[in-house]
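Q: Predicted model and sequence below, questions to follow.
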2 protein chains.
Amino acid sequence: MKLPHNLTQQLTHTLGLAIINGQYAVGKGMPSEAEICEQFEVSRSSTREAVKMLSAKGLISSRPKQGIRVLPETNWNMFDTDVLSWILKSKPSLSLLKEFVQVRLAMEPVAAELASQHATPSQLHSIEAALNRIEDAENGLDDALDSEIAFHSAILEASGNRFFIQLKDFINTALRVGTRYQNYIYENQHDMVNAHEQIFNNIKSGNAVKAKEVTTDFLEKILGRVESKL
Amino acid sequence: MKLPHNLTQQLTHTLGLAIINGQYAVGKGMPSEAEICEQFEVSRSSTREAVKMLSAKGLISSRPKQGIRVLPETNWNMFDTDVLSWILKSKPSLSLLKEFVQVRLAMEPVAAELASQHATPSQLHSIEAALNRIEDAENGLDDALDSEIAFHSAILEASGNRFFIQLKDFINTALRVGTRYQNYIYENQHDMVNAHEQIFNNIKSGNAVKAKEVTTDFLEKILGRVESKL
DNA sequence: TAATACGACTTATAAGATAAATTCTATATG
DNA sequence: CATATAGAATTTATCTTATAAGTCGTATTA
């Protein structure tokens, strides 16, 4: 297989995706440095740099004589942007979707709670703008998925906690995985829009308890629908 | 500065720690490849591999002519094991501790809920073993910090959700940051032990609602004590 | 003034050589 | 025969040098 420019990046993505796809056995099964060079027709420099990037993400280890081996899944940086994008490309399953929603159910209600306490006017405005886009999407004026991602990301941003903010990519991926099964997620579009309006209104009015509660209700409904399909 | 063996790894850690310490200005301020080679007396290969590892973790970007620049904090992989360890070494502040506890308050109650539903007998046993160590620690027979880390990690493991499992390093770091202020965390040791016993008992008996509730109570108490010191 | 071409600088890729670490094997020794 | 030790083979780690490609600034030119 021949790769164009940005060799290191391309090779990293190709190998990362292949690993997450399960194309190499855990504990062994990766080709050696030299074999990767041959197979993809790249220099050792590029190969080694790609290998370093993948080990930085916890996917592989590389030692003299042992070679390059795939690490067990518990070592993978599941919150890494690239790892998430490879998961999205390779493994969209309902049970994975359930795991995503479980994390959302843990994080997002607390994020909404924090946002209702700490959001700046500008951050509130971002949430509201995204809400308006969601409402427009109901009428087909805007993209439904993008606007929903913008809405939930804006809440995370307004939490003021850098760990929550870091989860924007995670939520992005979770929602995109969800679209693979979109017909299962929302009972009807109007309820969904309504839930988002409630979340925003409680954040805006600074009602932390209620903001957390309506976010929990919203996500529990989604989780219920995912579980009912398993 | 001269570095011994494992040059790439050492250089990665040295630079990663320096970046998180704020020794290089965001947006610029990193020395060029050639300067790093000189300063640390390593070859370009090792330098480039270290740079690749750091960009894989979202700390820096590297482009021709632009050089190596520190990325804004929102790009950092805050859930990466190495990044967390550098944070632990460099920035233990009360406001950071608060952010850690806020994440724990989001994740751990849900993890306990899931554990009470899905834990295998073997996983239950691990949680119980850690609890026993915590009880022993009260009498000075075991290390208090290690046993508490083991307890909370075992619950995450028992959640059966790979994202929660991935957070073990995070909890580990959160608890270690907490020890920098340990006197502020627990009102008294006995209450703490008691809370852990309640958490375990509810997980063991499969009482998901109560397991979530007592975990929330426990962490809210900790959060309250941290906030009272800010 | 604006568009283009050129030069300088920095990272990206390549290729070849040596060092270090680890595994396996064979040999020697009890 | 069992075991420990030495060494050979293999693979990654590091170093060096050379060339390519990309980016920015500048100067030249219309």
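A: Yes, it's here.
Q: longest helix in chain A, by residue count?
A: Longest helix in chain A, counting residues (DSSP state H): helix A:94-118.
Q: right, is it up against chain B?
A: Yes: between helix A:94-118 and chain B, judged by C-beta under 8 Å from any C-beta of the partner chain, the touching residues are A:99-100, A:102-103, A:105-107, A:109-111, A:114. C-beta: built from backbone N, CA, C; applies to glycine.
Q: Please identify, among the residues you listed, the one with the most neighbours.
A: Greatest neighbour count in the residues of helix A:94-118 next to chain B, by other C-beta atoms under 10 Å in any protein chain shown, goes to residue A:111: 30 neighbours.
Q: Please identify the nearest residue in space to it, excluding sequence neighbours.
A: Nearest residue to residue A:111 in three dimensions, chain neighbours excluded: residue A:159, at 4.5 Å (C-beta to C-beta, 6 or more residues apart in numbering or on different chains).
Q: ok, the one you found - how many residues close by?
A: Counted with other C-beta under 10 Å, residue A:159 comes out at 27.
Q: Let's see the pLDDT reported for it.
A: Residue A:159 is assigned a pLDDT of 97 by the prediction.
Q: Residue A:123 now?
A: 97.
Q: Same question for the one 3 residues further on.
A: We note a pLDDT of 97 for residue A:126 in this prediction.
Q: next one: the one 3 residues further on
A: For residue A:129, the model assigns a pLDDT of 97.
Q: To what extent is it buried, counted in neighbours?
A: Residues near residue A:129, counting by other C-beta under 10 Å, number 13.
Q: Now for it: which residues touch it?
A: Residues near residue A:129 by C-beta atoms under 8 Å, 6 or more residues apart in numbering or on different chains: A:150, A:154.
Q: Scan the helices and strands of chain A for the one with the lowest mean pLDDT.
A: helix A:182-185 (a mean of 58; mean pLDDT, DSSP states H and E).
Q: ok so, going back, mind putting the residues of helix A:94-118 next to chain B in TSV, pLDDT included?
A: Below are the residues of helix A:94-118 next to chain B laid out as TSV (pLDDT from 0 to 100):
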residue	pLDDT
A:99	96
A:100	96
A:102	98
A:103	98
A:105	98
A:106	98
A:107	98
A:109	98
A:110	98
A:111	98
A:114	98
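Q: Check which residues of stretch A:150-162 are buried.
A: Buried residues in stretch A:150-162, counted by 16 or more other C-beta atoms under 10 Å in any protein chain shown: A:150-161.
Q: Revised request: answer the last question for stretch A:90-102.
A: For stretch A:90-102, using 16+ other C-beta under 10 Å, the buried residues are A:96-97, A:99-102.
Q: ok, and the closest non-adjacent residue to residue A:209?
A: residue A:113 (7.6 Å).
Q: same question, residue A:44
A: Distance criterion C-beta to C-beta, 6+ apart; nearest residue to residue A:44, sequence neighbours excluded, is residue A:37 at 5.7 Å.
Q: so how far is stretch A:79-87 off the chain centroid?
A: Stretch A:79-87 sits 7 Å away from the centroid of its parent chain (C-alpha atoms, centre = their mean, to the nearest Å).
Q: ok so, going back, how near is the residue nearest to residue A:209 to residue A:161?
A: Distance, residue A:113 to residue A:161, using C-beta to C-beta, to the nearest Å: 11 Å.
Q: One more: residue A:143?
A: Using C-beta to C-beta, we find residue A:143 at a distance of 28 Å from residue A:161.
Q: Any figure for the gap between residue A:189 and residue A:140?
A: For residue A:189, the distance to residue A:140 - C-beta to C-beta - is 10 Å.
Q: the strands in chain A, which residues?
A: Here chain A has its strands, by DSSP state E, at A:60-63, A:67-70.
Q: of all the residues in chain A, which ones are close to DNA strand D?
A: A:5, A:32-34, A:44-45, A:48, A:51, A:62-68 (C-beta under 7 Å from any atom of the strand).
Q: same thing but 10 Å
A: Within chain A, the positions lying close to DNA strand D (C-beta under 10 Å from any atom of the strand) are A:4-6, A:30-37, A:43-45, A:47-48, A:51-52, A:55, A:61-69.
Q: Only the buried subset of those residues, as a PyMOL command please.
A: Listed next is the PyMOL selection for buried residues among the residues of chain A next to DNA strand D, using 16+ other C-beta under 10 Å:
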select buried, chain A and resi 30+31+36+37+47+48+51+52+55+61+62+67+68+69
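Q: quick one: the closest residue in space to residue A:120 that isn't next to it in sequence from residue B:94, how far?
A: Using C-beta to C-beta, 6+ apart and skipping residues adjacent in sequence, the residue nearest residue A:120 is residue A:158, 7.4 Å away. Distance of residue A:158 to residue B:94, computed by C-beta to C-beta: 22 Å.
Q: In contact with residue A:56, which residues?
A: By C-beta under 8 Å, 6+ apart, the residues touching residue A:56 are B:12, B:52-54, B:56-57, B:82.
Q: Around DNA strand C, pick out the residues from chain A.
A: Residues of chain A lying close to DNA strand C by C-beta under 10 Å from any atom of the strand are A:2-12, A:37, A:40-50, A:63-67.
Q: quick one: the helices in chain A?
A: Using DSSP H, the helices of chain A run over residues A:7-20, A:33-40, A:44-56, A:81-90, A:94-118, A:121-138, A:144-158, A:162-166, A:168-179, A:182-185, A:189-204, A:208-227.
Q: Least confident of the ones you listed, on average?
A: Lowest mean pLDDT within the helices of chain A: helix A:182-185, at a mean of 58.
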